[in-house]
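Undergrad: would you be able to build a 3D model of this:
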Amino acid sequence: MAPADGGGAPLADAVVRALGPDGELAREHAGYVVREGQLGLGRAIADAIADCAALIAEAGTGTGKTFAYLVPALLSGGRVLVSTGTRNLQDQLYARDVPEIARALGVRADVALLKGRSNYVCWLHLKRNLAEGRFARREDIADLRRIERFAVITDSGDRAELESVGEEAPAWSMATSTRENCLGQECPELARCFVFKARQAAQRADVIVVNHHLLCADLALRDEGVSELLPTTDTLIFDEAHQLPEVATQFFGQSVSTRQLVEFARDLMRAGLAEAADAADWISLSRALEQSVRALRLQTGSPGRIDAAAACARPALVAALRSCVDSVESVRGVLDRAAERGREVQRCALRGAELVLLMRRWLAAACGDGATAAGGDAGDAGDAGGAGGAGGAGDAGGAGDAGGAGDAGGAGDAGGAIASAPDAEGPGDTVVWAEVHASGVTLHATPLSVARVFRRHRDARPRAWVFVSATLAVGGALDHFARAIGLDDARRLVWPSPFDFASQALLYVPQGLGEPSGPDFARRVFEASWPLVCANRGRAFVLCTTLRMVEQLATRMRDALAHAPMPMHLLVQGEGSRAELLERFRRESAPVLIGSASFWEGVDVPGQQLSLVVIDKLPFAPPDDPVLRARSDAARRAGEDPFRTLQLTAAAMALKQGAGRLIRSERDHGVLMVCDVRLADKPYGRTLLRSLPPFRRTRSLEEVLAFVARADDAAARESA
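TA: Just a heads-up that it's a prediction; the model follows:
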């Protein structure tokens with residue numbers, strides 16, 4: 001990448017000129033607005049790049065942080081990797097922002113977009129599933145045919161380009177590969193593999209746009225001495241950096257799930273019948289394994305997270321898990337004997353060894369089970385991890401990005417055994433627990449901190465590490481984030497949003513709602529918010545901290561809408577994909593969307609279409625969460641207050657994310673309603689308030705209704 005001519009001036013001066021009133025961006029964009037926060041952030045990032053330093057920066061909504069980091073990155077002339085938290089931002093950076101800014105600056109830059117493998121069509125699995133013709137629904141074959149036609153004409157194979165097949169359609173699982181079933185260099189379709197082409201393009205590029213999961217995969221591979229997934233760059237920029245510690249925690253842990261076991265059972269049957277049909281009764285072996293998984297599911301109980309002690313206190317659950325281990329072990333023996341018959345059978349044998357090892361070690365760590373894997377087992381499982389190669393760990397990017405961390409742990413073959421997660425900092429720094437969900441159970445071993453891995457990679461090579469987000473500070477400080485990622489020497493700066501929150505928005509905490517722990521809290525939230533929803537003519541997000549609250553409020557609002565003074569359109573999480581619900585929200589005249597975690601961030605609806613955000617209660621993590629409890633115990637041992645260092649900081653950042661949905665431009669007006677009196681009544685509420693934008697505050701419904709009326713009158717005058 002050739003740098004633009006800075007006239008010999010330092011990089012920071014060139015950046016300030018480019019972002020200034022007479023700079024290249026102002027000449028390129030009509031109506032360009034110079035923002036002081038953007039200039040300051042751009043200069044700070046330029047200094048970090050020049051000094052190979054670490055910078056942690058919060059830039060409030062509207063600062064223009066994307067331009068602020070891309071301009072110095074492109075002008076630096078070095079190789080840059082930008083990591084984001086979402087696929088939408090990845091696509092925006094690759095397709096629009098980077099080319100646009102490079103063109104304005106006169107910089108030549110080869111840009112590559114790289115996602116996890118589950119985002120790309122796999123020719124082998126697409127052809128195989130079309131040929132086998134096993135479909136649960138008629139829609140699946142139609143979708144798979146659409147994917148086939150798309151694969152022929154697309155250059156990238158990126159599923160995001162095919163809008164006619166929903167992102168949650170079951171057909172995608174039949175048209176993409178996973179870490180476990182990818183044949184890698186041995187695949188007969190390697191010459192036209194979309195994943196392989198995307199990785200080759202990334203190796204050549206000047207600017208590589210990835211997601212946090214894929215970046216963590218690369219760090220893990222470097223730790224293991226495996227060939228890197230991503231090229232080495234001069235600058236690392238993490239946008240949406242507030243997500244990074246949690247993503248890294250998921251990734252650098254270990255997990256094994258019933259989903260993986262079912263996929264293994266189906267793949268071994270397919271591989272056995274294709275390559276060694278006479279070696280065993282593959283159908284019976286597969287069915288027996290699936291039966292043991294079903295028996296395990298029956299013992300998992302209701303959805304939730306349980307710690308190791310609680311799991312091991314349920315003998316039937318432990319017995320079912322041991323039965324699964326025995327089933328995989330018996331299948332593995334047959335696979336070992338037939339391994340020389342074909343590469344897919346051989347890979348299934350390696351996968352079986354890995355699954356046995358992971359489950360045994362979880363049992364050993366959780367229940368003191370004596371069936372720990374050792375000797376030859378450990379060696380076999382090491383081979384199983386290596387079989388995935390660089391593509392293996394890289395899968396986590398696709399899985400996590402698609403909305404779940406299901407495969408993130410599976411990518412842990414880049415690390416150690418489940419009983420000692422790879423980035424734990426010492427004995428007792430890993431928590432073992434289980435997550436029960438609707439379709440089964442996942443066994444986890446999670447590091448309590450990922451600071452060590454980031455510190456190690458920062459020290460390995462001098463280069464700039466830049467972390468930016470609109471929501472990083474708690475009470476104006478960034479210390480908690482610096483500690484979480486192990487970069488205590490990082491420069492720390494905060495730029496507030498340029499928006500006039502005191503006149504554009506109102507923060508309303510109703511009086512008399514009582515504590516949110518009561519059994520009738522959903523009724524109280526509804527009764528307090530409904531008059532405001534009606535007065536605002538919908539145009540509201542109702543953000544809940546639990547799916548149960550989503551269901552309860554949706555039921556009450558449906559009943560109320562039957563007698564509402566005006567028609568409103570109710571949109572409820574789970575009744576359509578996230579993208580579909582947001583599109584309908586933008587289109588409807590009086591929409592009300594009720595949603596949980598996935599709608600708290602990464603949603604941009606500017607204008608009066610979203611002018612009311614209702615939050616049911618402060619987003620504290622459940623105190624019985626196994627990981628939080630283990631981290632709290634560790635904090636107490638270190639002489640810290642776990643509530644303030646862990647729970648309060650996490651709640652402050654989540655609350656700021658939810659509040660950030662409201663004001664998205666200089667012309668927006670709206671009300672943020674928080675139905676939790678603790679924000680106003682508890683001493684720690686002051687910390688949470690300091691973390692929010694400087695809204696004008698009230699506890700009077702009459703004042704809120706008057707504000708809504710004035711905002712509507714002003715909007716009507718502007719549109720007249």
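Undergrad: so what touches stretch 480-487?
TA: Outside stretch 480-487, the residues that touch it by Cβ atoms under 8 Å, 6 or more residues apart in numbering are 54, 56, 241-242, 244-245, 248, 449-455, 458, 465, 467, 472, 474, 488, 490, 492, 645, 649. C-beta: built from backbone N, CA, C; applies to glycine.
Undergrad: buried subset of these, written for PyMOL?
TA: Command for PyMOL that selects the buried part of these, burial taken from 16 or more other Cβ atoms under 10 Å:
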select buried, resi 54+56+241+242+244+245+248+449+450+451+452+453+454+458+465+467+472+474+490+492+645+649
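Undergrad: now the host helix or strand of Val671: average pLDDT?
TA: Assigning secondary structure by DSSP states H and E places Val671 in strand 670-674. Averaging pLDDT along strand 670-674 gives 97.
Undergrad: and it, which strands flank it?
TA: Strand 670-674 has the following sheet partners, assigned by DSSP bridges: strand 505-508 (parallel), strand 612-615 (parallel).
Undergrad: and the helix or strand just after it, C-alpha only, in CSV?
TA: Counting by DSSP H and E, the next helix or strand C-terminal to strand 670-674 is helix 678-681. The C-alpha trace of helix 678-681 is given here as CSV (Å, rounded to 0.1, in the frame of the first residue of the first chain):
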residue,chain,number,x,y,z
ARG,A,678,-32.3,1.4,41.5
LEU,A,679,-30.8,3.7,38.9
ALA,A,680,-32.2,6.7,40.8
ASP,A,681,-32.3,5.3,44.4
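Undergrad: buried residues, helix 678-681. List them.
TA: In terms of neighbour count (16+ other Cβ under 10 Å), helix 678-681 has its buried residues at Arg678, Leu679, Ala680.
Undergrad: repeat that for stretch 636-647.
TA: For stretch 636-647, using 16+ other Cβ under 10 Å, the buried residues are Pro642, Thr645, Leu646, Gln647.
Undergrad: now do that stretch, average pLDDT.
TA: 93.
Undergrad: next, count neighbours for His494.
TA: I think there's a mix-up here, since residue 494 is Val and not His. Residues lying near Val494 (other Cβ atoms under 10 Å) number 16.
Undergrad: kindly report the same for Pro519.
TA: Neighbours of Pro519 using other Cβ under 10 Å come to 6.
Undergrad: I'd like to know how far it sits from Arg548.
TA: Computed with Cβ to Cβ, to the nearest Å, the distance linking Pro519 and Arg548 is 12 Å.
Undergrad: tell me which element Met359 is part of?
TA: helix 343-367.
Undergrad: so what secondary structure elements neighbour that helix?
TA: When contacts are defined as 3 or more Cβ pairs under 8 Å, 6 or more residues apart in numbering; DSSP states H and E, helix 343-367 sits against strand 254-257, helix 258-275, helix 308-312, helix 315-338, helix 376-401, strand 430-437, strand 440-447.
Undergrad: pick the most deeply packed of the ones you listed.
TA: Highest mean neighbour count of the helices and strands packed on helix 343-367: strand 254-257, a mean of 26 (counted as mean count of other Cβ atoms under 10 Å).
Undergrad: starting from it, tell me which strands it pairs with and how they run.
TA: Strand pairing (DSSP bridges) places strand 254-257 next to strand 440-447 (antiparallel).
Undergrad: gap between whatever helix or strand comes next after the partner strand and the chain center?
TA: Counting by DSSP H and E, the next helix or strand C-terminal to strand 440-447 is helix 451-460. Put simply, helix 451-460 sits 21 Å off its chain's centre (Cα atoms, centre = their mean, to the nearest Å).
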